[in-house]
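In: got a sequence here, can you build the structure:
(one chain, ligands or ions: 1)
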Amino acid sequence: MIKNKHLDIIIKNASQIVTATSNIPKTGSALQNLGIIEGGAIGIADGMISCVGNTEEILKTFTVDTIMDASQKVVMPGFVDPHTHPIFVKTRENELEMRLQGKSYKEISQTGGGIRASIQDVRNASLEELVDLGVRRINKMLTMGTTTIEAKSGYGLTTESEIKMLNAIKMINEMSDMEIIPTFLGAHEYPEEYKDDHEKYIEILINEMLPEVKEQSLAEYCDIFCEEHVFTVSESRKILNAAKELGFKIRFHADELEPIGGAELAAEVNAVSADHLVAISDKGIQSLKEAGVIPILLPATTFSLGLSKYAPARKMIDAGLPIALSTDFNPGSCNCDSQQFVTSLACLQMKMLPAEAINAITINAAHSLERGKLIGSLEVGKQADVIILDIPTYQYLPYHLGSNTVESVIKKGKIIKS
Ligand SMILES: [Zn+2]
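Out: Model (predicted):
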């Protein structure tokens, strides 16, 4: 892999380098292993990682343009956030107040709040407005160490406005240093005009939206919100099978509120990931395992909704599932854009170990986006997505609550925060 003796960047003297290496999603004891190198260095050339190892040896072997000293700091792969909804117009802090006054998410949704509250705004917004608002939110995530996100549509729910959202994601991907993987989520909710005619909306999804999104190559995945009062299991099956026939791969909002068999359907349709899973059944856990579906847990959503029941992470880890973690960044149920805060919640509320949580926001999150060979770990030949944290050990990351300890961010070999 070493092509020349000159490097663009060397990061030296890290107290710990978290390599997080794995060709496959990490499970069981591997999930507790971060592949730590103490006192190590990393060399970067042409946007890729050229070497990882002993500081002295690397400094002796290579000439370099820029040296970054990571003494008493931890170096990690850039965080991967595999489930976000960052394209919206207005924030919905009024709903936080309603929830504090005792209204449930379901009640807020049934009275025209929730997802529906974001829809009219997105329909009325121009593409430029969506890009302008979205790029600022997404660039802020970069400063907190997240270097790749998955981003969903789903606040338009007409063909035109869903395409507009996906075009906004495409434009932000081009103008920002953030790498963004687009997902079509037209089945996020039934829009007001079809709330009594679900069949008609499903027909539009299948015959208009999905073919148009495919035609314009605007999304890699199709996702669905499969939940009581939203898309039932049989409606979801119909939509997802149509999406698969067009060549979309599947992501899945499953069993967030009720165990209605979402995980089982995610397994049946060979989804790449099943997300939320707070209410997953034992049978659902087994189905995910058998089908090789990666569970993405979103503890910040549970926290933000003020609920006490979190997804059964330990049970899933014991069953051999490769957990990934994500923020679920969105304007309603979870206005959280920090994977650092998510690791704190994963440890404190779901009893994951710090190493498990860090693997879950790096290498396993990368595998959940089918990019485990390119990002999510620090190894020779991978994309140079590297962050330096001003922390003494990796265990410190979940321990320091609500702080941004990321000091430097490098994306594809470019220093974007130093
Ligand atoms: Zn979501």
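In: which strands and helices sit next to whichever helix or strand V342 is part of?
Out: Secondary structure assignment for V342, by DSSP states H and E: helix 339-350. Judged by 3 or more C-beta pairs under 8 Å, 6 or more residues apart in numbering; DSSP states H and E, the packing partners of helix 339-350 are strand 79-84, helix 299-304, helix 313-318, strand 324-325, helix 354-361, helix 396-399. C-betas here are computed from N, CA, C, even on glycine.
In: just name the most buried of these.
Out: strand 324-325 (a mean of 32; mean count of other C-beta atoms under 10 Å).
In: what mean pLDDT does that one have?
Out: Here strand 324-325 scores 98 as its mean pLDDT.
In: and the contacts of that strand?
Out: Residues external to strand 324-325 that are found in contact with it (C-beta atoms under 8 Å, 6 or more residues apart in numbering): 25, 82, 273, 294-299, 339, 342-343, 346, 357, 360-361, 364-365, 367-368.
In: residues touching the worst-scoring helix or strand of the chain on mean pLDDT, excluding its own?
Out: Lowest by mean pLDDT, DSSP states H and E among the helices and strands of the chain is helix 105-110, with a mean of 78. Residues from elsewhere that reach helix 105-110 (C-beta under 8 Å, 6+ apart): 95, 98-99, 114-116, 189, 229, 257, 305, 333.
In: let's have the residues you listed in TSV, adding distance to V409.
Out: Below are the contacts of helix 105-110 laid out as TSV (distance: C-beta to C-beta, whole Å):
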residue	distance to V409
E95	32
M98	36
R99	33
G114	33
I115	31
R116	36
E189	34
H229	40
L257	35
L305	30
S333	27
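In: buried among those? Make that a ChimeraX selection.
Out: Applying 16 or more other C-beta atoms under 10 Å to the contacts of helix 105-110, the buried members can be selected in ChimeraX as follows:
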select :95,98,99,114,115,116,189,257,305,333
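In: could I get the contacts of helix 105-110 as a markdown table with pLDDT and secondary structure?
Out: Shown next, in a markdown table, are the contacts of helix 105-110 (pLDDT from 0 to 100; DSSP: H, G, I helix; E, B strand; the rest coil):
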| residue | pLDDT | secondary structure |
| --- | --- | --- |
| E95 | 87 | helix |
| M98 | 88 | helix |
| R99 | 85 | helix |
| G114 | 78 | coil |
| I115 | 80 | helix |
| R116 | 79 | helix |
| E189 | 93 | coil |
| H229 | 84 | coil |
| L257 | 84 | coil |
| L305 | 88 | coil |
| S333 | 88 | coil |
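In: what sits against the residue nearest the centre of the chain?
Out: In the chain, the centroid-proximal residue (C-alpha atoms, centre = their mean) is P82; its distance is 1.8 Å. Shown in contact with P82 (C-beta under 8 Å, 6+ apart): 149-150, 273, 296, 324, 326, 365, 368-369.
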